[in-house]
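S.K.: starting from these lines, generate the structure:
(4 chains)
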Protein chains: 2
Amino acid sequence: MSNKLTIQRIAELADVSKATVSRVLNEYPHVRPEVREKVQKVISETGYQPNNIARLLASDRSSIIGLVISASAQMVFNDPYFPALTEAISRGAADNNLILSLFVSYTEKQGRDTLSGILAAGLFDGLIITADHRGDAFISQLQEAEIPFVFIGRPSEAEGINYVDADNVKGGYLAASHLIDLGYRRIGTIASDQNTAGDDRLAGYQSALNERGIAIEKRLIAFGDYTLESGYAAMKELIPRKPEAVFVASDTMSLGALRALREAGLRVSEDIALVSHDDLPPAIQADPPLTTVRQPIATTGQMAVEKLAQIIMTGKTYPAQHIINPVKLIVRESCGAAQFN
Amino acid sequence: MSNKLTIQRIAELADVSKATVSRVLNEYPHVRPEVREKVQKVISETGYQPNNIARLLASDRSSIIGLVISASAQMVFNDPYFPALTEAISRGAADNNLILSLFVSYTEKQGRDTLSGILAAGLFDGLIITADHRGDAFISQLQEAEIPFVFIGRPSEAEGINYVDADNVKGGYLAASHLIDLGYRRIGTIASDQNTAGDDRLAGYQSALNERGIAIEKRLIAFGDYTLESGYAAMKELIPRKPEAVFVASDTMSLGALRALREAGLRVSEDIALVSHDDLPPAIQADPPLTTVRQPIATTGQMAVEKLAQIIMTGKTYPAQHIINPVKLIVRESCGAAQFN
DNA sequence: CTCCGCTTTGAAACCGGTTTCAAAAAGTAT
DNA sequence: ATACTTTTTGAAACCGGTTTCAAAGCGGAG
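M.R.: Numbers count the residues shown, from 1 in each chain, chains lettered A, B, ... in the order given. I've put the predicted structure just below:
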């Protein structure tokens, strides 16, 4: 039954012109109700489905969007963040009747090539780009190509760019404030300078300490790259400096940090408190379960798709919108809150 | 710079016909070398890129393939297997100059709808389908649509179907044999009946026991669904039955199993041995690091794309090929091998 | 009954390529 | 030089839709 039903054939069967069938298909006005019905009947009886390719050649719209993930292989593999995000975007695309294409690149050069290919293909109605510091390099290329795009995560040059992000500053602030509230004063952090999310979380941490009159000790700030291993290394660096508590900027790094603490014979919660960030599955699966800042990844993905869809439909990129999703502290056991009960 | 360049324009600039430009673009024969060069010069000077949409309308080929993941949300979210696979396929697609589109569905109905949409769109040159028992329902639909497709994982009805899989029987066999070699006799397993991979791993486990004359005790076989929670529950069920060793059919379930053992106060390796399956990041990150059967996910993904590309190119679906990738036992600490040194 | 304006409709152009086919050019054998 | 192949080339058809535009149909006003 892979029969060649074309709009022409439908037109003949319904005894109207191609143009009229097209009008019915696209729910355009100026078709008499009875004619519309007649055509629709033929369509449903034959099970006709218009050929998308032809449709988009003629209409210059593909309903395909691309998701460009550019991050180190380490991150994409090991951090559940990207899978969760991808999944959310995939769902959002389906909800908006868009087809999602996926591009993963590991190096800046690879990313550039990928992007060139994408743009050259001229196949996509729009793009969603995940922002790390490398992603920024794409912006001018994207703007030149005049293709609608939305960033996930704030790019370092955010002027005039549409993006969706979590409230990372607030995240760092909530985490640190919580630790201060619990009575800790020597509070370290494992931050990251891989992207603006890391910068922001660190800034939030610092502002919380400032607000409460706690001096910021550079020696209590270590950096990782969102991998478990880097969390492990960073915590090893921190342990000799004897922090009472640590804010770790991602759950995956927390897993590494936990291991370092375990090896050092330190009991999490009793000997040292830990607050994490993200609230991905590992947070609850960890031992002890992590007190962590929940980041609404699903919402972020959905909103990115919706914003993109909106830009595509309206053609309006400006004014650029910055959508910041709220975060929330989830108290579990790693912060030692329990022992104060 | 938002290109107004068409093949027509290039033809004019090079002073030849559209047809000749098309021949040059597609590296077809029957163009004099000098003419070819002249056209190529114009192309590179202008930076012309052919419009893919038009190209594919005319040639009936899109270079887009779809990846259909149908699994419970639990699995897609929490098991690194799918991210790893997706990543590998994405890479394979890029290597083969194919664009990859991603579809995730959680229920059978959703999957059906998704697939109908995909097939109706008529946009895809081929599909890669991940097989769980639900995926099987798609097969007839796919065959009717006459679209090239390759399964990842053996579908229950594999007759005439192209698929790529890991040698799961061998995986179960290696794991159980290793435990037997170490001297254990009361060997349980946490299996899964979610897909044929689970069936096969269980079969391998059973054949190893049979081969060594060890009776199979039904009470030592528990089932999970590849989630951490199900691994936890299954191990809780097994503990009272006092197995000396357990083969857990996935790393994610092993994580749950480890937790159950920890809560029961049992030391892994000393009090009870554990061999896992997959060798995903959690295996090495677990405490203790897991002895596990390595499954070549990257290779599997790549081969699936290659097989699909080949079917698309040649148009030959038959004879159906069953590609079984080898697995390998990775000995770490959870199996207690260390204590025998 | 005629005129005017609005809605409905179909023919044809168009999107930007590929492919077919016949003519032109080049090559080869006689 | 002629006849016959083979290669190279361009004009035109085609892929299957959308969109434009002018003509046809219709209702209400004069």
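S.K.: and the longest helix anywhere in chain A, anywhere near chain B?
M.R.: With DSSP state H setting the assignment, residue counts place helix A:297-314 as the longest helix in chain A. No - shown here: helix A:297-314 not in contact with chain B (CB under 8 Å from any CB of the partner chain), separated by at least 10.1 Å. Quick note: C-beta positions are derived from backbone N, CA and C, even for glycine.
S.K.: also stretch A:53-65?
M.R.: Yes - for stretch A:53-65 and chain B, the contact criterion (CB under 8 Å from any CB) is met by A:53-54, A:56-57, A:62, A:64.
S.K.: give me the residues contacting that stretch.
M.R.: A:52, A:93, A:97-101, A:123-128, A:305, A:308, A:312, B:53-54, B:56-57, B:62, B:101, B:122-123 (CB atoms under 8 Å, 6 or more residues apart in numbering or on different chains).
S.K.: what about DNA strand D: which of those residues touch it?
M.R.: Contacts with DNA strand D within those, counted by CB under 7 Å from any atom of the strand: B:54, B:57.
S.K.: among the contacts of stretch A:53-65, name the buried ones.
M.R.: A:52, A:93, A:98-101, A:123-128, A:305, A:308, A:312, B:53-54, B:56-57, B:62, B:101, B:122-123 (16 or more other CB atoms under 10 Å in any protein chain shown).
S.K.: among those, name the ones in helices.
M.R.: Counting by DSSP H, the buried ones among the contacts of stretch A:53-65 place A:52, A:93, A:305, A:308, A:312, B:53-54, B:56-57 in helices.
S.K.: now render these as CSV, adding pLDDT.
M.R.: Output for these, formatted as CSV (pLDDT from 0 to 100):
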residue, pLDDT
A:52, 78
A:93, 90
A:305, 95
A:308, 92
A:312, 83
B:53, 82
B:54, 86
B:56, 80
B:57, 81
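S.K.: report the distance from stretch A:6-16 to the chain centre.
M.R.: Counting by CA atoms, centre = their mean, to the nearest Å, stretch A:6-16 is centred 45 Å from the centre of its parent chain.
S.K.: what's around the closest residue to DNA strand C within the stretch 51-200 of chain A, how many residues?
M.R.: Minimum separation of the stretch 51-200 of chain A from DNA strand C (CB to the nearest atom of the strand) falls at residue A:58, amounting to 3.7 Å. For residue A:58, the count of nearby residues is 11 (other CB atoms under 10 Å in any protein chain shown).
S.K.: could you pull out the strands for the stretch 101-250 of chain A?
M.R.: A:126-130, A:149-152, A:163-166, A:187-192, A:221-224, A:245-248 (DSSP state E, counting those that start in this stretch).
S.K.: output the below-cut-off pLDDT ranges for chain A.
M.R.: A:1-3, A:73-74, A:77, A:134-135, A:337-341 (pLDDT under 70).
S.K.: the closest residue in space to residue A:100 that isn't next to it in sequence: what's it in contact with?
M.R.: Spatial nearest neighbour of residue A:100, excluding adjacent residues (CB to CB, 6 or more residues apart in numbering or on different chains): residue A:93 at 4.0 Å. By CB under 8 Å, 6+ apart, residue A:93 lies in contact with A:65, A:99-100, A:305.
S.K.: quick one: the helices in chain A?
M.R.: Using DSSP H, helices in chain A cover A:7-14, A:18-25, A:33-46, A:52-59, A:73-78, A:81-95, A:108-121, A:139-145, A:168-181, A:196-211, A:228-238, A:251-263, A:281-285, A:297-314.
S.K.: tell me which of those lies nearest to residue B:230.
M.R.: helix A:281-285 (12.9 Å; CB to CB).
S.K.: show me what from chain A comes close to DNA strand D.
M.R.: A:4-8, A:18-19, A:21-23, A:25-26, A:50-51, A:53-55, A:57-59.
S.K.: taking the stretch 151-300 of chain A, what residue is nearest to DNA strand D?
M.R.: Counting by CB to the nearest atom of the strand, the stretch 151-300 of chain A gets nearest DNA strand D through residue A:162, at 24.9 Å.
S.K.: kindly apply the preceding question to the stretch 101-250 of chain A instead.
M.R.: For the stretch 101-250 of chain A, CB to the nearest atom of the strand, closest residue to DNA strand D: residue A:125, 13.8 Å.
S.K.: ok, the spatially closest residue to that residue that is not a sequence neighbour - contacts?
M.R.: Closest residue to residue A:125 apart from its sequence neighbours, by CB to CB, 6+ apart: residue A:312 at 5.0 Å. By CB under 8 Å, 6+ apart, the residues touching residue A:312 are A:61, A:65, A:125-126, A:148.
S.K.: can we see that at 10 Å?
M.R.: Shown in contact with residue A:312 (CB atoms under 10 Å, 6 or more residues apart in numbering or on different chains): A:61-63, A:65, A:96, A:98, A:124-126, A:147-148.
S.K.: and the residues you listed, which two are the farthest apart?
M.R.: Farthest pair in the contacts of residue A:312, by CB to CB: A:96 and A:147, 17.1 Å.
S.K.: residues from chain A in reach of DNA strand C?
M.R.: Checking chain A against DNA strand C by CB under 7 Å from any atom of the strand, the hits are A:15-20, A:23, A:29-32, A:35, A:54, A:57-58.
S.K.: residue A:42 reaches residue A:11, doesn't it?
M.R.: Yes - using CB atoms under 10 Å, residue A:42 makes contact with residue A:11 at a distance of 9.0 Å.
S.K.: which neighbours do these two share?
M.R.: With CB under 10 Å, 6+ apart as the test, residue A:42 and residue A:11 both reach residue A:21.
S.K.: distance check, residue A:123 against chain B.
M.R.: From residue A:123 across to chain B, the span is 5 Å (CB to the nearest CB, to the nearest Å).
S.K.: how about residue A:133?
M.R.: Going from residue A:133 to chain B by CB to the nearest CB gives 21 Å.
S.K.: and residue A:177, by the same measure?
M.R.: Relative to chain B, and taking CB to the nearest CB, residue A:177 is found at 29 Å.
S.K.: quick check: domain ranges of chain A?
M.R.: A:7-50, A:64-166+A:298-325, A:168-295+A:329-340 (automatic domain parsing).
S.K.: what's the closest of the contacts of residue A:93 to residue B:273?
M.R.: Checking those against residue B:273 by CB to CB gives residue A:100 as the nearest, at 43.5 Å.
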